[in-house]
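Chemist: Sharing a model that was predicted from the sequence below.
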Amino acid sequence: LAMVQARLATLEPDARRALRAASLFGDAFWAGGVRALVDSSLEATEWLEVLAEREIVALRPESRFQGEKEYRFRHALLREAAYSMLTEADRAHGHALAGAWLEAAGERDAALLADHFEQGGEHARAAEWYTRASEQALEANDLDGAVARAQSGARCGASGELLGRLKLTEARAHQWRGRWEQTATCAREALSLLQRGSRRWCVAAEQLTYGLGKLGQYDELGAMVDSISSVVPDEDAKGAYAIALGRGSWFLVHACRFEQARAVLSRVNALAETLGGGDVGAAAQIDAIRAGHALYADDWEGCLALSKSAVQRFELAGDPRAVAMQLVFIGDSYKELGAYDQAEPLFREA
């Protein structure tokens, strides 16, 4: 690194300024981005061409942003050396400018933008992008990343509805990790911050019932289901609301609270009739919940039919995690029936 720094020290001052600006973007950078980080007296594009001729940077054949020339450092040490030449104040200011330029250019990597704004001291903007980044990570099945980014958003000072979204994403990631204490804790916090009856509030309610059910905290579960039942959901939240109630009814069966479970399931069935075919994901979840009730009623034929319907709908909704979970459920049903030759391939597929 010292040798590379010595080499860069021999460059013209303007060449070094262009490199320092470029280093703020990382390994890849853009001519327009470098221009945005330096004053108008520096001919950034011309200096980048000179640096490319000297084999310090290289022009990429394609650019992530239309109409922008994209470059890369020839070696990670070159970028590190250029970055180390920045003062702390310039580094913070530069990251804020880099984040703003990338945001305007249409950057879709929310985590990258969040990191730039956090390093640039713009914590409110960083918290917003960490919220999107955590949701992106959850959709991509990066559960550890979803938790880490949600916690980064909270660290940046997110509050109110934004913090509620972060806690909800964290709860959902913990649920898929099988960490029920954390699921319940984060879901409780999300419920206290999100608008009561909204779609996200209903998802948080479902996560809390899931966590309480898995932990065997049945008294709080029963009270939670009663609390959900008293809510009037927003129009776009009816599917999520039905799922929250249905999940509660499923765990009430585990708690041997059959009368309450039947009453809640009856309401879920009534809600399902009003949803229509627009919310495939909700219909799939309701099928899965009904399959669970059929299983406990020893209605094996109904259980398998509803489970297979749920798998088809989860596939249409593009939810591979739920497909895998439902395949386990179908396989378990076949196993209980002694149909091991039908159970085994389902477990393998899941």
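Modeler: Yep, that arrived.

Chemist: can you count the residues close to Asp14?
Modeler: Close neighbours of Asp14, defined as other CB atoms under 10 Å, add up to 16. Using the backbone N, CA and C atoms, a C-beta is placed for each residue, glycine as well.

Chemist: just the one 10 residues further on next, same as before
Modeler: Residues near Leu24, counting by other CB under 10 Å, number 27.

Chemist: same question, Phe25
Modeler: Phe25 has 25 neighbours, counted by other CB under 10 Å.

Chemist: Tell me who's in contact with Leu316.
Modeler: By CB atoms under 8 Å, 6 or more residues apart in numbering, the contact set of Leu316 is Val280, Ala284.

Chemist: one more time with 10 Å, if that's ok
Modeler: Each residue near Leu316 by CB atoms under 10 Å, 6 or more residues apart in numbering is listed here: Val280, Gly281, Ala283, Ala284.

Chemist: so how far is Leu19 from the spatially most central residue of the chain?
Modeler: Nearest residue to the geometric centre of the chain (CA atoms, centre = their mean): Glu135, 2.2 Å. Distance, Glu135 to Leu19, by CB to CB, to the nearest Å: 35 Å.

Chemist: circling back: return the member of the contacts of Leu316 nearest to Ile56.
Modeler: Gly281 (50.5 Å; CB to CB).

Chemist: List the residues that contact that closest one.
Modeler: Going by CB under 10 Å, 6+ apart, Gly281 touches Gly239, Ala240, Ile243, Arg313, Phe314, Leu316, Ala317, Gly318, Asp319, Ala322.

Chemist: so where do the strands sit in this protein?
Modeler: 28-30, 57-59, 70-73 (DSSP state E).

Chemist: Of the ones you listed, give the one that comes closest to Ala223.
Modeler: Among the strands of the chain, strand 28-30 comes nearest to Ala223, with 52.9 Å by CB to CB.

Chemist: Direction included, what does that closest one pair up with?
Modeler: In the sheet, strand 28-30 lines up against strand 70-73 (antiparallel) (DSSP bridges).

Chemist: Just the buried subset of the contacts of Gly281, please.
Modeler: Neighbour-count burial (16 or more other CB atoms under 10 Å) applied to the contacts of Gly281 gives Gly239, Ala240, Ile243, Arg313, Phe314, Ala317, Asp319, Ala322.

Chemist: before we move on, the earlier item: the strands of the chain into CSV, with extra columns for mean neighbour count?
Modeler: Formatted as CSV, the strands of the chain follow (neighbours: other CB atoms under 10 Å):
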stretch, mean neighbour count
strand 28-30, 22
strand 57-59, 17
strand 70-73, 21
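
Chemist: what stretches of the stretch 251-350 of the chain score poorly on pLDDT?
Modeler: Within the stretch 251-350 of the chain, the ranges that satisfy pLDDT under 70 run 276-277.

Chemist: Show me the helices in it, by range?
Modeler: For the stretch 251-350 of the chain, the helices defined by DSSP state H, counting those that start in this stretch cover 258-275, 280-296, 300-317, 320-336, 340-349.

Chemist: So, low pLDDT: which residues of this structure?
Modeler: Low-confidence segments of the chain, defined by pLDDT under 70, span residues 276-277.

Chemist: can you tell me which residues contact Glu118?
Modeler: Taking CB under 10 Å, 6+ apart as the test, what Glu118 contacts is His95, Ala96, Gly99, Arg125, Ala126, Ala127, Trp129, Tyr130, Ser152, Gly153, Arg155, Cys156.

Chemist: Just those: which are in helices?
Modeler: His95, Ala96, Gly99, Arg125, Ala126, Ala127, Trp129, Tyr130, Ser152, Gly153, Arg155 (DSSP state H).

Chemist: The fourth one is in contact with Cys156, isn't it?
Modeler: Yes - with contact defined as CB atoms under 10 Å, Arg125 counts as touching Cys156 (8.8 Å).

Chemist: Now list whatever residues contact both of those two.
Modeler: Ala114, Phe117, Glu118.

Chemist: And for the first one, nearest residue in space, chain neighbours not counted?
Modeler: With CB to CB, 6 or more residues apart in numbering as the measure, Trp129 is the residue that lies nearest to Ala114, at 3.6 Å, once sequence neighbours are left out.
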